[in-house]
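Participant: Kindly return the folded structure for what I paste below:
(2 chains)
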Amino acid sequence: MAFKIIVCAKQVPDTNVIKINPKTGTLIRDGVPSILNPDDANALEEALKIKDKHPDTHITVVTMGPPQANDLLFECIAMGADEGILVSDRAVGGSDTWATSNTLDAAIKKIGEFDLILAGRQAIDGDTAQVGPQIAEKLHLPQVTYVEEFNIDDNMKDITVKRQLEDGYEIIKIQTPCMLTAIKELNTPRYMSMKGIFGEKKMTTWNAKDIEVDLNTVGLEASPTNVFRSFTPAPKGKGVILEGDTEKEVADKLLVNLKAKHVI
Amino acid sequence: MAIKILKDKCKGCTLCVKACPFDALRMEDRKAVVDEGKCTNCNACVSKCNFGAIEEAPKAEAVDLSAYKHIWVFAEQRDGKLMSVALELIGEGYRLAREISDDTQVCAVLVGDGIDNLADECFAYGADKVYLIQDPLLKNYTTDGYTKVITDAIHEYKPEIVLYGATHIGRDLAPRIAARCNTGLTADCTRLDVKVSSYIEFAKKNTTLDTSTLDPNDPSTGIKQTRPAFGGNLMATIICPKTRPQMSTVRPGVMSKREKVEGAKGEIVNVKPAITADDIRVEIVDIVKHAKEMVSLTDADIICSGGRGLGDASGFELIKKFADKVGGVVGSSRACVDAGWIDHSHQVGQTGTTVKPKIYFACGISGAIQHLAGMQTSDIIVAINKDPEAPIFEVADYGIVGDLYKVIPQIMEEWDKAEDLYEAAEKAN
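Facilitator: Have a look, this model is predicted:
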């Protein structure tokens, strides 16, 4: 039986190039490219590595977002995924992580059988790292987050992973089916292939009705958390530039100032 | 919402189908399937199942928010040692509890095995109460084990707020618990408020937010959780008005510990966890601490951080010497970590560690917004950079435009003379 992998991915604005309008203090989103979330690319790459070794592996990428998130599915299939599913519906817009995981839970149940779910640890727009574990909870799956090394036995059942900690790592054994979340240390994502770019794309869009999700558990209204206010951080008052004819003079000025502030 | 069949546990015995008074269950591929249109959540099938394969429908009625009281802190310990962030959160929980009401307590939740001795440390740093949840199966952190015992305790004792450190463990655990409790969770908070007046005060001092629409006399004490988003470009304040408990993970190093009071005492509640080996579906084979020197960026008084301006990996040799001289630890920008110049454990910033030392030396760091998000609350920021236009100078208290390879050795050489230099400067004035 073919090994079935579901990869959860998200299309995100490239936060490295986001700029703030200095006059209005708002985000300038125009011209900001949308990209495959970096950690999700690592999740997909690990799935592709399994497929490299076991070519009958089937990889489905699932994402939630507006219709243009199809670009992400295109990219994932061009990298080597077998098919892509976009869940797109106004009813699921404005979802927080709880409501998002309800949506993806329903979509994954509709996809049906699977052996492994791979997701990125977190997306760079929200940085919450919550949706992966929350999907796992809804699906009653065991999970390992912050995966930096992955090995699966040839029986395609027993998985050993290295889980990153702040001050070291853990070696954890887990069995399929399970949810793993990837970090950048896991691998280096491949590029899209020419064959992939020009090949046939199996892409499907589902709405809320298609995935039979309870509408009381998705979208802005159902989300337990709401945005109360949002704002840009105030720039810290500009300090002083220390000047002098020699490095020694500047260093001395600095130390006098630090001493005066009682920090040394 | 309807009852839920756990497919992996269903053995296809059909007992539930016979038990259902509403004809809402049928068999498909030898597994029970529920017709959500017919299910009335009567739960008649739940007790009939011998395999625990049916889960009760989530209760839909509105949560009685007033039934929830007190602030819990997940007092994360590793290897029998409390994480620094646990003590920071007890301090923050103490502050928030007193703002909510005189009889609101801050409670530490200690999970592990043979960790009774940690309760005193929690009391010394301000905890009013400690919930001790101990079992040999809980010795090391597992998602399954800790989620189960903490969720059970939440259901029993109904805290109003639960705070977790945003560590690799807290960020694994909290989403699981929040999903199981069907409540909201806000990640990586850098500021918490319960009183609207405190929030206004914070916003006025630190943000561009127009506070004129907020009423300082608003009596509500729902938590207002402020966190960076979009890589620190935007701050958002998140609320959780409809469900309880309200949950947050909080970045290590952001909140302040209380002054330690030796011998402080409080109430200890021993919670008997209902946990069996079958509940834990992973096996921890090994836990390895880096043999190399521990980087404790969050506890450091002085951090010497290097950026791309070092030129290459060898630049960190100078940064290391500098840190040794001034009694600091070595930090890094993301660029250097990505370039492989230094281990990620040194990384300061939005995706690394948030720090607020007394002095932060930014050496050859341009000051990308992600980096600033992780260090701009440092007491004093000193920036050394060749490029006078570098954004780091926007947040620096003291900027030095120059070659760091010339400036840093001079600072090191003069470091021990600071006292004399200061006195000389005083006299000159």
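Participant: Now do the buried residues in the host helix or strand of residue B:324.
Facilitator: Per DSSP states H and E: residue B:324 is located in helix B:315-326. Of all the residues in helix B:315-326, those buried under the rule 16 or more other C-beta atoms under 10 Å in any protein chain shown are B:315-316, B:318-319, B:322-323, B:325-326. All C-beta spots, glycine's among them, are computed from the backbone N, C-alpha and C.
Participant: same deal with stretch B:419-426?
Facilitator: B:421-422, B:425.
Participant: at contact distance from chain A, anything in it?
Facilitator: Yes: Stretch B:419-426 lies within reach of chain A by C-beta under 8 Å from any C-beta of the partner chain, at B:419, B:421-422, B:425.
Participant: So which elements touch whichever helix or strand residue B:131 is part of?
Facilitator: Residue B:131 is part of strand B:129-134, with elements assigned from DSSP H and E. When contacts are defined as 3 or more C-beta pairs under 8 Å, 6 or more residues apart in numbering or on different chains; DSSP states H and E, strand B:129-134 sits against strand B:106-112, helix B:118-124, helix B:143-157, strand B:267-271.
Participant: which outside residues touch it?
Facilitator: Strand B:129-134 is contacted by residues B:70, B:72, B:75, B:105-116, B:119, B:122-123, B:149-150, B:153, B:157, B:266-271, B:273 when judged by C-beta atoms under 8 Å, 6 or more residues apart in numbering or on different chains.
Participant: on that earlier part again, redo the helices and strands packed on strand B:129-134 as a markdown table? Include mean neighbour count, distance to chain A and mean pLDDT.
Facilitator: Below are those laid out as a markdown table (neighbours: other C-beta atoms under 10 Å in any protein chain shown; distance: least, C-beta to the nearest C-beta, whole Å; pLDDT from 0 to 100):
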| stretch | mean neighbour count | distance to chain A | mean pLDDT |
| --- | --- | --- | --- |
| strand B:106-112 | 26 | 16 | 98 |
| helix B:118-124 | 21 | 18 | 98 |
| helix B:143-157 | 20 | 6 | 98 |
| strand B:267-271 | 14 | 22 | 98 |
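Participant: what's the closest of those to residue A:61?
Facilitator: Closest to residue A:61 of these is helix B:143-157 (C-beta to C-beta; 24.5 Å).
Participant: Report the angle between that closest one and strand B:267-271.
Facilitator: 120 degrees (axes from the mean of the first three to the mean of the last three C-alpha atoms, to 10 degrees).
Participant: Helix or strand next in line after helix B:143-157, which one?
Facilitator: Next along from helix B:143-157, by DSSP H and E: strand B:161-165.
Participant: now the strands for the stretch 101-250 of chain A?
Facilitator: A:116-120, A:143-152, A:158-165, A:168-175, A:178-182, A:203-206, A:226-231, A:240-241 (DSSP state E, counting those that start in this stretch).
Participant: what separates residue A:156 from chain B, distance-wise?
Facilitator: 17 Å (C-beta to the nearest C-beta, to the nearest Å).
Participant: Low-confidence regions, the chain specifically.
Facilitator: Defaulting to chain A. For chain A, residues meeting the criterion pLDDT under 70 lie at A:1, A:16-29, A:234-238.
Participant: hm, I was asking about chain B
Facilitator: For chain B (pLDDT under 70), the answer is B:1, B:37, B:40-42, B:57-63, B:231, B:291-295.
Participant: biggest helix in it, by residue count?
Facilitator: In chain B, assigned by DSSP state H, the helix with the most residues is helix B:84-100.
Participant: Could you name the helices and strands sitting against that helix?
Facilitator: Using 3+ C-beta pairs under 8 Å, 6+ apart, helix B:84-100 sits against strand B:71-74, strand B:106-112, helix B:118-124, strand B:161-165, strand B:191-193, strand B:246-250.
Participant: of all the ones you listed, which lies closest to residue A:171?
Facilitator: strand B:106-112 (20.0 Å).
Participant: Which residues does the closest one contact?
Facilitator: Residues contacting strand B:106-112 (C-beta under 8 Å, 6+ apart): B:70-75, B:77, B:80, B:86, B:90, B:93-94, B:96-97, B:118-119, B:122, B:126-134, B:138-139, B:146, B:149-150, B:153, B:159.
Participant: List only those of the residues you listed flagged as buried.
Facilitator: B:70-75, B:77, B:86, B:90, B:93-94, B:96-97, B:118-119, B:122, B:126-134, B:138-139, B:146, B:149-150, B:153, B:159.
Participant: Looks like residue B:287 contacts residue A:167 (just checking).
Facilitator: No: using C-beta atoms under 8 Å as the test, residue B:287 is too far from residue A:167 to be in contact (10.0 Å).
Participant: Count the neighbours of residue A:262 for me.
Facilitator: Residue A:262 is flanked by 7 other residues according to other C-beta atoms under 10 Å in any protein chain shown.
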